[in-house]
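Engineer: coords please:
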Amino acid sequence: MSRLRFIGLLAALALIAAACGGSSSDATTTTAGSGRPATTTPSDSPTTSTPDGGDADEIARQIDELIVEAQQIRGLELLQPIDVVLLTDAEYQARFQEILEEDLDPDDIAAINALLRMLGIISPNDDYRQLLEVFVTTGTGGFYDSDTEELVVRLVGDELGPQARSVVVHEVVHALQDQHFTLLDDRENLEGDPAYVAIAIAEGDALLREATYVQSLSLREQAAYVAEFSEIDLSALDAIPGYIRNSLEAPYLDGFQFHQLIGIDSIDDQFSDPPESSEQLLSQTAYLRDEQPIEVTLPDLELPGYELWFDAPAGQKDLELMLGDALSAPDAQRAADGWGGDLNRVYNAGADEAVYVLKYVGDTKQDAEELEAAFLEFIDELVPAGTYTFVERTDADLLVMIASDPSVGPQLEAAFS
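Structural biologist: Modelled structure (predicted):
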């Protein structure tokens with residue numbers, strides 16, 4: 001769990017309290033699920049692996065209770081048991097490094113590095129894999145592995161403190177989602193905006209239930225919860241560029257706020273019929289009006305020496321986060337508002353060369369003008385000198401092209417302008 005996610009949880013708790021008149025007991029009732037009995041009880045509980053030190057039997061008992069409580073809060077029952085693995089800090093970091101080694105394709109890392117360096121989001125000496133490793137090994141408290149059906153929790157000390165218990169609740173909710181819904185079954189094939197929406201629906205749901213659990217704790221336990229974070233050194237996260245960090249963190253609170261606005265009773269429906277875009281996720285009005293994304297197309301183009309690495313909508317949220325590295329957060333949000341649709345295409349040639357193409361359609365001409373001005377500022381602030389840049393607007397349509405090799409500029413203009 002990262003510092004930003006912790007801030008997100010505090011904001012979530014504040015929203016719940018405001019919606020329920022500040023009553024802790026009322027808020028818990030409002031955000032909880034149906035409260036029907038859970039099928040996984042301490043007598044048929046999963047295997048819990050504990051690190052050396054501490055009272056293993058007591059920790060296992062607490063895990064049993066938390067799994068039952070998480071099911072009651074979520075209003076769903078585990079269809080099959082899950083295994084819980086509790087790791088020390090060192091063991092947790094080693095586990096995540098193994099996962100990154102297995103799951104990250106070196107070619108994809110090279111493509112991401114080339115793109116982010118060209119855009120000026122990371123420096124030439126930065127490496128996306130290393131930054132991601134810092135994030136997950138420093139800023140997370142646990143995860144649910146759907147492949148192994150294991151719930152992995154990072155312990156602070158030898159006991160299962162309130163922070164670790166809240167992580168258990170959060171990740172049990174992910175296990176319930178995995179067993180009951182199919183939204184994330186095909187997540188490897190989700191790209192761009194649809195992927196962001198799917199993650200936000202799942203993380204917002206889990207954060208909501210985590211917030212419900214934390215709010216149910218006594219004031220003394222809540223104070224201990226906050227104190228645990230003050231003892232964790234998260235300074236390494238400061239080195240992670242805002243776009244990368246926020247792209248990983250933003251789905252939590254965006255999804256949480258969406259569920260709060262649209263209605264907690266409709267969360268299950270969101271897993272089978274999610275919002276059509278991040279615009280709908282961010283705007284209750286857009287969602288209720290069912291504002292459909294405008295389909296945007298670009299002609300096919302083969303660039304010699306390059307491969308087409310990404311070809312999907314970036315979405316309103318990604319534009320907001322990307323522009324936020326050069327503009328203030330409010331200015332970036334205003335520039336991204338009015339999104340009607342887009343297509344984001346990235347070409348790659350190894351670790352050194354990248355091409356970024358964005359074809360955007362705004363709801364109005366003014367929306368396109370605002371995004372045009374924001375991209376011009378982004379280019380001026382971040383994109384390295386000598387990089388090819390092209391920004392062209394026609395009414396509500398905007399075309400942005402950036403290439404590390406200026407010699408491909410004429411080909412891009414001939415194909416897309």
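Engineer: Which residue ranges of the stretch 1-150 of the chain form strands?
Structural biologist: Counting by DSSP state E, counting those that start in this stretch, the stretch 1-150 of the chain has strands at residues 48-49, 83-87, 142-145, 150-154.
Engineer: Show me the one of those that comes nearest residue 192.
Structural biologist: Checking these against residue 192 by C-beta to C-beta gives strand 142-145 as the closest, at 22.9 Å. The way it works is simple: take the backbone N, C-alpha and C, and place the C-beta from them, glycine included.
Engineer: Next, the buried residues of that closest one.
Structural biologist: Across strand 142-145, burial judged by 16 or more other C-beta atoms under 10 Å covers 142-145.
Engineer: repeat for stretch 300-311
Structural biologist: Neighbour counts using 16+ other C-beta under 10 Å place 301, 303, 306, 309-310 of stretch 300-311 among the buried residues.
Engineer: could I get the residues you listed as CSV with distance to residue 124, secondary structure and pLDDT?
Structural biologist: Below are these laid out as CSV (distance: C-beta to C-beta, whole Å; DSSP: H, G, I helix; E, B strand; the rest coil; pLDDT from 0 to 100):
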residue, distance to residue 124, secondary structure, pLDDT
301, 27, coil, 97
303, 22, coil, 96
306, 20, coil, 97
309, 19, strand, 96
310, 21, strand, 95
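Engineer: just the residues you listed now: which is nearest residue 206?
Structural biologist: Of those, the one sitting nearest to residue 206 (C-beta to C-beta) turns out to be residue 310, at 27.4 Å.
Engineer: Return the residues in contact with residue 205.
Structural biologist: Residue 205 sits next to 74, 173, 177, 255, 259, 267, 270 when contact means C-beta atoms under 8 Å, 6 or more residues apart in numbering.
Engineer: one more time with 6 Å
Structural biologist: residue 267 (C-beta atoms under 6 Å, 6 or more residues apart in numbering).
Engineer: quick one: pLDDT of it?
Structural biologist: pLDDT, residue 205: 97.
Engineer: Pick out whichever of the buried residues of strand 142-145 sits closest to residue 209.
Structural biologist: Closest to residue 209, out of all of those and judged by C-beta to C-beta, is residue 144, at 13.0 Å.
Engineer: Would you check that that closest one makes contact with residue 174?
Structural biologist: Yes - Residue 144 is within contact range of residue 174, at 4.0 Å (criterion: C-beta atoms under 6 Å).
Engineer: what residue ranges in this protein score low on pLDDT?
Structural biologist: Residues of the chain meeting the criterion pLDDT under 70: 1-54, 186-188.
Engineer: can you tell me which of the buried residues of stretch 300-311 lies nearest to residue 278?
Structural biologist: residue 310 (16.4 Å).
Engineer: Against residue 231, how distant is the residue lying closest to the closest one once chain neighbours are set aside?
Structural biologist: Excluding its sequence neighbours, the residue lying closest to residue 310 (C-beta to C-beta, 6 or more residues apart in numbering) is residue 346, at 3.9 Å. Distance of residue 346 to residue 231, given as C-beta to C-beta, to the nearest Å: 41 Å.
Engineer: Of these two, which one has the most company?
Structural biologist: Neighbours were tallied for residue 346 and for residue 231 using other C-beta atoms under 10 Å; the higher tally belongs to residue 346 (23 against 9).
Engineer: For the stretch 201-350 of the chain, just list every one of the strands.
Structural biologist: Going by DSSP E, counting those that start in this stretch, the stretch 201-350 of the chain shows strands at 307-312, 339-349.
Engineer: got the angle for the last one vs strand 307-312?
Structural biologist: With axes from the mean of the first three to the mean of the last three C-alpha atoms, to 10 degrees applied, the angle from strand 339-349 to strand 307-312 works out at 170 degrees.
Engineer: about what we covered before: could I get the buried residues of strand 142-145 as TSV with distance to residue 250?
Structural biologist: Compiled in TSV, the buried residues of strand 142-145 are given as follows (distance: C-beta to C-beta, whole Å):
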residue	distance to residue 250
142	19
143	18
144	20
145	23
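Engineer: Relative to residue 336, which of those is nearest.
Structural biologist: residue 143 (29.2 Å).
Engineer: ok now do that closest one, which residues does it touch?
Structural biologist: Contacts for residue 143 (C-beta under 6 Å, 6+ apart) come out as residue 152.
Engineer: make it 8 Å
Structural biologist: Shown in contact with residue 143 (C-beta under 8 Å, 6+ apart): 151-152, 171.
Engineer: And residue 127, by the same measure?
Structural biologist: Contacts for residue 127 (C-beta under 8 Å, 6+ apart) come out as 109, 113.
Engineer: For residue 236, grab the count of nearby residues.
Structural biologist: Residue 236 has 12 neighbours, counted by other C-beta under 10 Å.
Engineer: Apart from its neighbours in sequence, what residue is nearest it?
Structural biologist: Of all residues not flanking residue 236 in the chain, residue 138 sits nearest, at 4.7 Å (C-beta to C-beta, 6+ apart).
Engineer: Was I right to think that neighbour contacts residue 237?
Structural biologist: Yes - between residue 138 and residue 237 a contact is recorded at 5.8 Å, counting by C-beta atoms under 8 Å.
Engineer: neighbour count winner among these two?
Structural biologist: Per other C-beta under 10 Å, whichever of residue 138 and residue 237 has more neighbours is residue 138, with 20 against 17.
Engineer: Check the spacing between that one and residue 232 real quick.
Structural biologist: To residue 232, residue 138 is 9 Å away according to C-beta to C-beta.
Engineer: One more: residue 89?
Structural biologist: Distance, residue 89 to residue 232, by C-beta to C-beta: 9 Å.
Engineer: okay, and the common contacts of the two?
Structural biologist: In terms of C-beta under 8 Å, 6+ apart, residue 89 and residue 232 are both contacted by the residues residue 156.
Engineer: neighbour count winner among those two?
Structural biologist: With neighbours defined as other C-beta under 10 Å, residue 89 and residue 232 compare such that residue 232 has more, 18 against 15.
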